[in-house]
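> Structure for this input, please:
(chains A and B)
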Number of protein chains: 2
Amino acid sequence: MPYILRLNAGKQEARQEKVADQDILMAGRGLIAAILNREVNPLCHPLSGENKLVLAPGLFAGTMAPSFGRISVGGKSPLTYGIKEANAGGTAAQKLDRLGIRAVVIEGKPEDHQFYIVKIDGKGCEFVPVQDMAHKKNYDLAAALQARFGEKVGIISIGPCGEERVSAATVAVTDQDGRPTRHAARGGLGAVMGAKGIKAIVIDDSDTPRVDLKDSQAFQNGVKNLVEVIKADKGSAALNRALGTPGVIPFVTKVGSMPTNNYRAGSFDQAENFFGKVIKETNTQRGGKMHGCMPGCIVQCSIVFNDPQGHHLTSALEYETLAMMGSNLGIGDLDAVARIDRRCDDLGIDTIEIGSAIAQAMEAGLVSSGDPESVLGALDEIEKGTPFGRILGQGAAVTARVFGLERVPAVLGQAIPAHDPRACKPVGVTYATSAMGADHTAGIDYRDSLSKEGQVKKSKEAQIFMATMDTVGYCMLALPAKAPALIGILAELLNARYGLSLSGEEVLGLGIKTIREELAFNRAAGLDPGVDRLPGFLKTEVLPPQGVVFDVPREEIEAIWEDLQDRP
Amino acid sequence: MPYILRLNAGKQEARQEKVADQDILMAGRGLIAAILNREVNPLCHPLSGENKLVLAPGLFAGTMAPSFGRISVGGKSPLTYGIKEANAGGTAAQKLDRLGIRAVVIEGKPEDHQFYIVKIDGKGCEFVPVQDMAHKKNYDLAAALQARFGEKVGIISIGPCGEERVSAATVAVTDQDGRPTRHAARGGLGAVMGAKGIKAIVIDDSDTPRVDLKDSQAFQNGVKNLVEVIKADKGSAALNRALGTPGVIPFVTKVGSMPTNNYRAGSFDQAENFFGKVIKETNTQRGGKMHGCMPGCIVQCSIVFNDPQGHHLTSALEYETLAMMGSNLGIGDLDAVARIDRRCDDLGIDTIEIGSAIAQAMEAGLVSSGDPESVLGALDEIEKGTPFGRILGQGAAVTARVFGLERVPAVLGQAIPAHDPRACKPVGVTYATSAMGADHTAGIDYRDSLSKEGQVKKSKEAQIFMATMDTVGYCMLALPAKAPALIGILAELLNARYGLSLSGEEVLGLGIKTIREELAFNRAAGLDPGVDRLPGFLKTEVLPPQGVVFDVPREEIEAIWEDLQDRP
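Got it, this is the predicted structure:
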């Protein structure tokens, strides 16, 4: 049976806790929701010792099944003050699962504000004083840790922004190249890790056996079916496979959902510079590549991007960053966005949140629109921790608040990512109603996305589906267009690994249970989930080029969780 | 019948709306709650045109009954994001009532960000472009308006901080001396007024007749009874009458509820410098005085404080400011606090909120503890609108958030005022449960205040009582120790002015209705009122000298509004 590794960050002690039989399907986002609901005071301060940080692989991370290596990171968010789960790829989840670890739960905090490295391997767990690793940025830190603990370790770390408890701080995870490029970026969980005095977790799974499979043959069948579905896909998995996430830019530009000039348009006149094909051509010429961030991935959408001199500049260059640090700031220079992305990864901050915060600072006249140097200057301020930098580090909503701006592109204090809800209405419903705040990964759907009809149903289905995926640990970038086909395969894999006989419906029940627990946590935290929190300007300000507003009726939106919300 | 003056701030137009018969008892805080519930989208941005700013006298402002001249100012708060009512003395309410105005409701906002002066008199209402009054501080502004419109006008104004939409900005009201010293200070309503482009409202009630009284003889009887009760009082009204609000300092120092060194103690070793008697002696020697901020007041608790050279320095020097800008910042210099108070009045910012924010900045190492010059330097930053100044201007909770501090002395984002809930537990229950956030004026009670028993009941009664007082417009500083005796007199006065036959219980019904509407607004704004929002550190950090924590059971607290909350 797997176990939960409990770390007492106050006393630098670790203990193992067996997962009970009845909890065998609790993993990833679902496990986070359950632990937070059971163990954390919903009204606690997110940076206090009362909060817990949970790092949880999904249900198949250590197997050879592809695209299941996401690691969910969760806790009470210092950005939203509600429950938060953010997940990332990289190698950490696979290694934890191979070590039999269902989750690492970090509790308490050190009274003396010291930082530690936590080393986990087959022999156990050890707290190492941080010493010369303190204040290191993620790239240097990863290199130093690899030099010390070996090249093959997986690393979960925070940059200086996490140490400084910046609300937009990320938790970084090393990829197959050993670089700290995969980020559980949203909701400021890096600040929670920082408050707990953990600079990095180093995972060494050498000499661990293969993970147990109850029915190895059936499992291999399931894997075969999964690979076939992905390879046969002609939808988003195929697009990601060909071009990475920037492959979607011609489409979102046409639909008009790519935030541009502080959410004033949905299409950017320099968007072609960011088209997936353009990036691929440029990068190939420079000797860059695409790879899978986690071993075994067959989508391999991660763009490992080189500078004009052919040196590695950043991985992965994603659509979200190209929009939030590019079009939304009036910047059309691909290399500039790549430099900004590298800088954010190194500092350990969310490109979505910080991009949106910088757009607010542009509105306040403190950063120049369309000027990458001005944006890099703002990142300098964040690094130095000046008052202006600290404001930006709190994200878009606080930045707007501090500068007296009323056009606040955030829900539950979390910035709206690169899918404008006026042109993608299902995701608007998700932003308005997810316990996560504005988060496209909580449930997005582009089918007939400009209509106001039927979008609540689509959002709800997508949210339940994604909560299921985040619980089993499957990567949303590997979702085939016919995503529901996955559910049957998931049942097959679950039954094979754990000796169960679940139906597809029962698999989706994992997502429903997760959402139910998340809503309960937020309700107890005083954040009523039955309220349409989408900012008002999206309902009145017409978005070009489609000329749309967000007009899904509020009554419909506020009824979305009626059957899943347990009112007191 | 009185009327409501509706100002369209977008078009600079005014219209009158008769108060309906059935609404004759709606005034002050109660009227604000009703208007916000009926007319304002609870999810709107507080600085948007959707919000409304309501300025509402109570039910007797223009009569000769003493201490009824409070003006309630209300709207959705840019500090708490919930409903907010803050009230002040001064002459404005009396003049509005004499003009037959039950409330001024400011709607919309100018698209061009221009500022206006609104002139109200017996002939009507006029918008005057602000021109040379722009950016003026409150004292200069009041003088300039008096030079232009006459010495006897009442003025409601915002300082530069209101213009700049700072969340801790106040609405200032001129006192009997024509000085802008009475502030509806809490919840940032000055920012709402600023967002609506109204720099000041000038009220000229010359040549208006006496207000109507249905039964003049009975009213005079009621007034006589009221005066007798106040004069016979041996409790807080008597103390305020003798020494002003600093009269309470020997008591709160002993109980241990006077915030000291960022809420780390409840008693200050230099508190004697602030004792009411000391201030009175010093001020008398300097030629200062005490007066009533509103004509007819018989308590006259307002300290008009002179500097050592005998020049007017500030009015009124209140306990809250002495604590939040004095003891809580480690400052024991009376003249320094008076200078800080003058500066805050002039800028138009809340001394409680800014004092608490500066304490957070001290925690972050950016302001020196015990150093008035450092505090004045911080106020300079607020005036200049630097990033640091803008952070402070957002109040204690945002300042803590920006600097990554977890000891956040605020409820609903509003700073805890100068009554530490660990030593005054009834007010702690009020902070935790009032729709207003942390606000001692919403209901305070010092009887047996260190015990954890029975405090929810006391808080609830105090909250209902204060909601009643704020609706009729009665000043809490004139409350006799035997406050319930007032209710009968209130019934007498109401019946005499309006020709009714209300019982005392029905009078308290005004407060109950008000609270019910406020809770409904906050619930619809997504701020569940059934949640104990008191910050965690108050429950764990022991407060000297009494060695107490806040320990009123959460279940009891969260049940407080069970009978008054209409759940959907």
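
> Now do the helices in the stretch 401-550 of chain A.
A:425-433, A:455-472, A:485-498, A:504-524, A:537-540 (DSSP state H, counting those that start in this stretch).

> between those, which gets nearest to chain B?
helix A:504-524 (7.0 Å; Cβ to the nearest Cβ). Any C-beta I mention is one placed from the backbone N, CA and C, and that applies to glycine too.

> what inclination does that closest one have with respect to helix A:485-498?
Interaxial angle, helix A:504-524 versus helix A:485-498 (axes from the mean of the first three to the mean of the last three Cα atoms, to 10 degrees): 90 degrees.

> is chain B contacted by helix A:504-524?
Yes - remark: helix A:504-524 sits within contact range of chain B at A:523-524, by Cβ under 8 Å from any Cβ of the partner chain.

> Which neighbouring elements make contact with that helix?
Packing partners of helix A:504-524 (3 or more Cβ pairs under 8 Å, 6 or more residues apart in numbering or on different chains; DSSP states H and E): helix A:28-39, strand A:83-88, helix A:455-472, helix A:485-498.

> Next, count neighbours for A:Leu376.
Here the number of neighbours of A:Leu376 (other Cβ atoms under 10 Å in any protein chain shown) works out to 13.

> For the stretch 51-200 of chain A, just list every one of the strands.
Using DSSP state E, counting those that start in this stretch, the strands of the stretch 51-200 of chain A run over residues A:53-57, A:71-76, A:83-88, A:101-107, A:116-121, A:124-129, A:154-157, A:171-173, A:182-184, A:198-204.

> most tightly surrounded among the ones you listed?
strand A:171-173 (a mean of 33; mean count of other Cβ atoms under 10 Å in any protein chain shown).

> mind listing what it pairs with, with the direction of each?
Strand A:171-173 pairs in its sheet with strand A:154-157 (antiparallel), strand A:182-184 (antiparallel), by DSSP bridges.

> Ok, which of the ones you listed comes nearest A:Tyr498?
Proximity to A:Tyr498 (Cβ to Cβ) singles out strand A:154-157 among the strands paired with strand A:171-173, at 23.9 Å.

> With distance to A:Ala467 and mean pLDDT as added columns, please give the strands paired with strand A:171-173 in CSV.
Formatted as CSV, the strands paired with strand A:171-173 follow (distance: least, Cβ to Cβ, whole Å; pLDDT from 0 to 100):
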stretch, distance to A:Ala467, mean pLDDT
strand A:154-157, 22, 98
strand A:182-184, 16, 98
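
> Kindly reformat the ones you listed as TSV containing distance to B:Val248.
TSV is the format used below for the strands paired with strand A:171-173 (distance: least, Cβ to Cβ, whole Å):
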stretch	distance to B:Val248
strand A:154-157	53
strand A:182-184	51
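
> What parts of the stretch 351-500 of chain A come near chain B?
A:366, A:386-388, A:390-391, A:393-394, A:398, A:401-404, A:406-408.

> Got a quick ChimeraX command for the buried subset of the residues you listed?
In ChimeraX, this line selects whichever of those come out buried by 16 or more other Cβ atoms under 10 Å in any protein chain shown:
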select /A:366,387,388,390,391,393,394,398,401,402,403,404,406,407,408
